[in-house]
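Peer 1: Pasting the sequence and the predicted coordinates here, then a few questions.
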2 protein chains.
Amino acid sequence: MRIGEPAAQAGMTRDTIRFYEKVGLVAGRRPANGYRDFPPETVAWLHYVRTAQTLGFSLAEIARHGEKLNDAPDAAEALSALLEEKIRVVDARMAELTTLRAELTARVGTGCPLRATGQAGRA
Amino acid sequence: MRIGEPAAQAGMTRDTIRFYEKVGLVAGRRPANGYRDFPPETVAWLHYVRTAQTLGFSLAEIARHGEKLNDAPDAAEALSALLEEKIRVVDARMAELTTLRAELTARVGTGCPLRATGQAGRA
DNA sequence: GTAAAGGGTGGAGTACGCTCCAAGGTCAAG
DNA sequence: CTTGACCTTGGAGCGTACTCCACCCTTTAC
């Protein structure tokens, strides 16, 4: 597929895909005419990139994940490992939010949120 | 206090505080010698800024919150409202993470994470 | 009086993730 | 063979949040 198709299907601009290629996040062939030619899986990969982004992963991290997956002898296993790692990250992030939520709740109604409640503020 | 003290107490550099002043996040007096002079509350405020940041608020948002608090006739009430608003944001973020976690869990062991499971990828 | 610690300024630079632009080449349809 | 859609490139620009720099002034301690 030429660049427009994955762009449309993944809901991003062609510029974004070119940028992703530049940072090594996607790759394709280059036939004689100079046009990029992407395999169909690229669309799924781009969706995956978006998902990982919403998880808070940087493009660099996502690119590393992609490499790991390509290098792994057993892609399915490597992937499960990565997913599990991500789940741990998500859990950690949620725990953090839980703490912050508690801190906020504790401050509601105290009338002085700028004065630390306990160790608040160093969070 | 001169700039070094709030910097040390809030764990940031003087440059950061100068930057915050530039974007309207903190303010102080300027005596004849040209040195910044901050009130003691600045330290608590800076801690608060850090906390809000970990919540995912941008400096611009935090600055707006600060203004609202200063303008409010009843600071305590205005603050509780803001905190409650933040709590809603935290809750929303957690819900999002929960969804993502479920999506990841569903993919573990499927062997094909790049193929969307349901609406995965549009998250 | 002098030296060190601390403060001031403007401006450049960094990292991330795009986004837009101008100038030009390629391809498919009529 | 021309039109228009789609593609190419390099490079500039943006917003966020700093970070570092050089160069100069003020304060503090001895």
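Peer 2: Happy to help now that I have it.

Peer 1: alpha carbons only for contacts and neighbour counts from here, please
Peer 2: Noted.

Peer 1: ok, residue A:35 - how many residues close by?
Peer 2: 13 (other Cα atoms under 10 Å in any protein chain shown).

Peer 1: tell me the SS of it?
Peer 2: coil (DSSP: H, G, I helix; E, B strand; the rest coil).

Peer 1: you'd agree it is up against residue A:2?
Peer 2: Yes. Using Cα atoms under 8 Å, residue A:35 is in contact with residue A:2, at 6.9 Å.

Peer 1: low-scoring stretches of chain A, by residue?
Peer 2: By pLDDT under 70, the low-scoring segments of chain A are A:55, A:72-73, A:75-76, A:79, A:103-104, A:107-123.

Peer 1: Where does chain A get nearest to DNA strand C, which residue?
Peer 2: residue A:58 (3.3 Å; Cα to the nearest atom of the strand).

Peer 1: could you measure that residue against chain B, distance?
Peer 2: Remark: distance between residue A:58 and chain B (Cα to the nearest Cα, to the nearest Å) = 16 Å.

Peer 1: Counting neighbours, what do you get for that residue?
Peer 2: 13.

Peer 1: List phi and psi for it.
Peer 2: With angles defined as degrees, to the nearest 10, residue A:58 sits at phi -80, psi 160.

Peer 1: What angle do helix B:75-107 and the top helix by length along chain A make with each other?
Peer 2: Secondary structure of chain A per DSSP state H: the longest helix is helix A:75-107. If you take axes from the mean of the first three to the mean of the last three Cα atoms, to 10 degrees, helix A:75-107 sits at 160 degrees to helix B:75-107.

Peer 1: Packing partners of helix A:75-107?
Peer 2: helix A:59-71, helix B:75-107 (3 or more Cα pairs under 8 Å, 6 or more residues apart in numbering or on different chains; DSSP states H and E).

Peer 1: how does chain A divide into domains?
Peer 2: As assigned by automatic domain parsing, chain A contains the domains A:1-71, A:74-117+A:119-123.
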